[in-house]
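J.: Whatever this is, show me its structure:
(chains A, B and C)
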Amino acid sequence: MSLKTTRTMIIATAALGFAVLPAGAQSLPDLKGQSFSFAGFGGDLQKNQDEAWLKPFAAATGVRIDQADAPSLAALKTQQEANNVGIDVIEIESSTVDAGCGTVFQEVNIDRSQLDPALDKNKCGVAVVKFSFVLAYNAEKFETAPTSVADFFNVEKFPGVRAARSGTSNVGLLEAALLADGVEPSKIYPIDLDRAIAKIGSVKDSIEMKDSFAVLQDGLANGEFDMALIPNGRALNAAKTNPAIKVVYNGAVTLYDNLAIPTGAKNVEAATAFLQYTALHSTQSALTERFPYGMGTRGDAPKLDEQSAAFFPDTYADQLLVQDNAWWGENEQTANDRLTALFAQ
Amino acid sequence: MTNASPSRWLLPLVAILTGFWLLLPLAVIVPISFSGENSFHFPPRTWTLERYMHLADPTWFSAASNSILIALATAVLSAVLGTFAAFSITRSRSLAVSLLRALILAPQAVPIIIFGLGLYLVFLRWNITGTMAGFVIAHTVLAVPFVVVPVTAALETFDRSLERASASLGAGPLATFVQVTFPSIRPAVLSGMFLAFLASFDELVVALFLNSPSFGTLPVLLYRRMTDSIDPTVAAVATIELLVVVSGVIVVLILQGRKSPGERS
Amino acid sequence: MVGNAPSTPHALSRPDVGGARRSLRFLTGRWWMVSVPIFLFLGVFFVYPTLLIIVRAFTHFNPPETGGLDNMAWFFENPANVTILARTFLVALACTAISVLIAFPYAYLMTIVSARWRTVMMGILLVSMFFGILLRNFAWVVILQRQGPLNELLGFIGFERIRFLGTTWAVLMGMTHVLFPFMALPLFAVLRGIDRRLVLAAQSLGATPARAFRQVYIPLAMPGIFAGSLLVFVLALGFYITPAVLGSPRQALLSQLMYAQFATNAAFGRAGAMALVLIVVTLAFVLLANVLQRRGKAYGEKR
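T.: Okay, the predicted model is just below:
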């Protein structure tokens, strides 16, 4: 009996140690009795973040982490106006943090040596989760495969129902429209909004707009839509349900998120420690190996299986279109208004 | 009667189709709860019992217990405020009464988004978003009419000479209320509380504004799992709720049938 | 008898009927006082927050709006907004009309079947009503999707697959399902009170059954139809979740647009302007309905 118990304990200790050690347990502070809230983009990304980041961090430091969906910037500003910020760590597009560092988000003093300098553009956020708005399509529905995200607009050659996300995150649609209209990839930015809207308008009866990526993902997997502009991770999920789902990376707008602490957050100490933890390459590659979004750090290449590699942005680095953060930071509301107006009629 | 003959079969046919249409969505949910894939495809292609195991997860448990506690508190607060309001509506001749009637029903007519957003701004400043008290207050605003309407109806048919009799026999107002008036409006209060409970338990829009990372309700969690991750656990919750609702309605109808056998026609 | 105890000394100390009179005065004269809590409660937690949003239409501006009545102008000068407002009304009207058409036969049948069948029909109605709104919307998503059971059935009969999800038809289906009990229950309450011998009397005086039904029964049923319709229409105007789940931004209703203006732009002024428009129009409809109802009554009495 005692032998069995001892063995169980050894296994349990080893398992615990295994979960904690790769994350650099030595440098993590003791945060027992503290808590912070983490607001991510939800879906399978957040489920995997929970396994790769939150649970190990909580186990090593003793902190309690409450999870939520990321509020929009508007909702966050509303909380700040009321002096009642409920989010301590928020995941949000890097363009938003670039524009709001020092006002909406607070600067953090952490070691940034492992972050990729090309992505480390502000003093508030930690670059994470590089992803692409790919053209995902159902291979059973088309005789010839699409070759570029521009084919989203080619309704003659690829007839079928296409879907895209409306609202805050309609990045990718405008860029693809311009590509389809013959604009050189290098001349997409600054976006000619009139031209892009006109192009989208010319095929809008074939486009379904949806409020949530999850709905796009499930609709694609179930045959509700024949193609969709969605983040590559959502496309992978659809492919796990329905193997006929394939992706095109050519011309896919690629961007990355930041983890940041909003001004007025209540648990800055724990939140800062968490940001430091995510600025490590080992932390970020742990997520990528579970779910093929890119990293904001530099270091050894992550180990990916065949299907994940097929959906991983870095595999297609030469085909991607890198998002112009500055343009989106300045013009997001106008672009939203134009798209809403276009599709409301 | 020959003219009416099509209506003989048409009427039941329409009613049967309507009944079928009312129950159809409920029936569809049950198989999804046993789906083995992360999809809402119907019928499921693979089967599992795993979704029901997921319900043991503390996330679901705390959301459900928050919802039940909020709904219970809402039912009690609505009963108190609503019964007061009903007394004033039936017994006061003050002009304020017609204003009160309109005010109590107004939250139903104002689009819920407006109310939710307004309350969110106010509660943010008062620091009661994401608290039990905040939810109970918000839900009571929406649930009070469910108590006021039946209790007002009960008081209107209540014979007030009973109260005068009680008073002339020396009973004080409180004693008269407790022993004479309340017993006769009790069924109305209870059915109002029941509806208030349901209204709170099912409320989503205001809850979407008021929830916080550490405090949310079951509808909020269900909505997230439907729109944010495609999680058939939603259908497992729905199946359990369906069982509770069906057995609850059957019990209520049987009890009612026993109470009023004379109603048979 | 415990409850009697406190009143006993009171009655003893004033042996005349003064105590009783005082109780009586309390029971009749000061009843407005018990309305103070509910007035305070709804004033603070309903009127104040709602006004706060509406007032912002005139105090809160996002560029390009700058001041004055800009938010109202933004609403009415933007054709998309006016389209959405019109769509919101049409959907609410259609929802009301469909509800009447299917709830009337259902409620009518409930008044003429045996007690056992009435219980069954009421049970179906209640089960559907008490089962959560969100979960029913979810079920409609499952049913209406392109590979869903409804389309499988259509395919089986030999039709093309039709896209339902994301259309106004799907929204209408979901909303009518949610609002059906709000029509059927008031209707049933009125119909069960109608004395059907009046219809038989009309027939014995020579009216055909159809005519007797139309000219005697329907007018008596009007208050129920009216109450149900007003309730369904007003509730339908403010729907948010059902159109968000079953519809699409292309077929947006006003509540969705309002939420989007808050969530994507923090444009409280625009949201306030929309709130004001929707509330004013709703109020106008309620008042119009009241006037019509009074006219109808007066007309009926004159006859």
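J.: Would you mind listing the buried residues in the helix ranked longest in chain B?
T.: As assigned by DSSP state H, the longest helix anywhere in chain B is helix B:58-91. Buried residues in helix B:58-91, counting neighbours by 16 or more other Cβ atoms under 10 Å in any protein chain shown, are found at B:60, B:62-64, B:66-67, B:70-75, B:77-79, B:81-91. Using the backbone N, CA and C atoms, a C-beta is placed for each residue, glycine as well.
J.: likewise stretch C:208-219?
T.: C:Pro209, C:Ala212, C:Phe213, C:Val216, C:Tyr217.
J.: Enumerate the residues of chain B near chain A.
T.: Chain B comes close to chain A at residues B:37-41, B:120-121, B:124-125, B:127, B:129-130, B:211-214, B:224, B:226-230, as judged by Cβ under 8 Å from any Cβ of the partner chain.
J.: Repeat the analysis, applying 6 Å as the threshold.
T.: B:37, B:39, B:41, B:124-125, B:127, B:212-214, B:227-230 (Cβ under 6 Å from any Cβ of the partner chain).
J.: my guess is A:Ala271 meets A:Val89, correct?
T.: Yes. When contacts are counted by Cβ atoms under 6 Å, A:Ala271 is listed as touching A:Val89 (4.9 Å).
J.: quick one: contacts for whatever residue of the stretch 201-303 of chain C ends up closest to chain A?
T.: Per Cβ to the nearest Cβ, C:Ala266 is where the stretch 201-303 of chain C lies closest to chain A, at 3.3 Å. By Cβ atoms under 6 Å, 6 or more residues apart in numbering or on different chains, C:Ala266 lies in contact with A:Ala74, A:Lys77.
J.: Same question for C:Gly269.
T.: Here C:Gly269 is in contact with C:Arg56, C:Ala57, C:His60, C:Phe61, C:Asn71 (Cβ under 6 Å, 6+ apart).
J.: which residue packs closest to it, ignoring adjacent ones?
T.: C:His60 (3.9 Å; Cβ to Cβ, 6 or more residues apart in numbering or on different chains).
J.: And A:Trp328, by the same measure?
T.: A:Ser95 (4.7 Å).
J.: Quickly find the element holding A:Ile65.
T.: strand A:64-69 (DSSP states H and E).
J.: Tell me the neighbouring strands of that strand, and mark each as parallel or antiparallel.
T.: strand A:35-40 (parallel) (DSSP bridges).
J.: following the partner strand, which helix or strand shows up next?
T.: Immediately after strand A:35-40, counting by DSSP H and E, sits helix A:43-49.
J.: and that following helix, does that touch chain B?
T.: Yes. Against chain B, helix A:43-49 shows contacts by Cβ under 6 Å from any Cβ at A:Gly43.
J.: would you put the C-alpha positions of that helix in PDB?
T.: Taking Å, rounded to 0.1, in the frame of the first residue of the first chain, the C-alpha atoms of helix A:43-49 are listed here in PDB:
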ATOM      1  CA  GLY A  43     -12.700  30.200 -28.900                       C
ATOM      2  CA  ASP A  44     -10.000  27.500 -29.200                       C
ATOM      3  CA  LEU A  45      -7.300  30.100 -29.000                       C
ATOM      4  CA  GLN A  46      -8.300  31.000 -25.400                       C
ATOM      5  CA  LYS A  47      -8.800  27.300 -24.500                       C
ATOM      6  CA  ASN A  48      -5.200  26.600 -25.600                       C
ATOM      7  CA  GLN A  49      -3.900  29.700 -23.900                       C
END
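J.: Mind listing what's buried along the next helix or strand after it?
T.: Later in the chain than helix A:43-49, the nearest helix or strand by DSSP H and E is helix A:55-61. By neighbour count on 16+ other Cβ under 10 Å, the buried set for helix A:55-61 is A:Pro56, A:Phe57, A:Ala58, A:Ala60, A:Thr61.
J.: Stretch A:323-341 too?
T.: A:323-325, A:327-329, A:331-332, A:335-340.
J.: Same question for stretch C:119-128.
T.: C:Thr119, C:Met121, C:Met122, C:Gly123, C:Ile124, C:Leu125, C:Leu126, C:Val127, C:Ser128.
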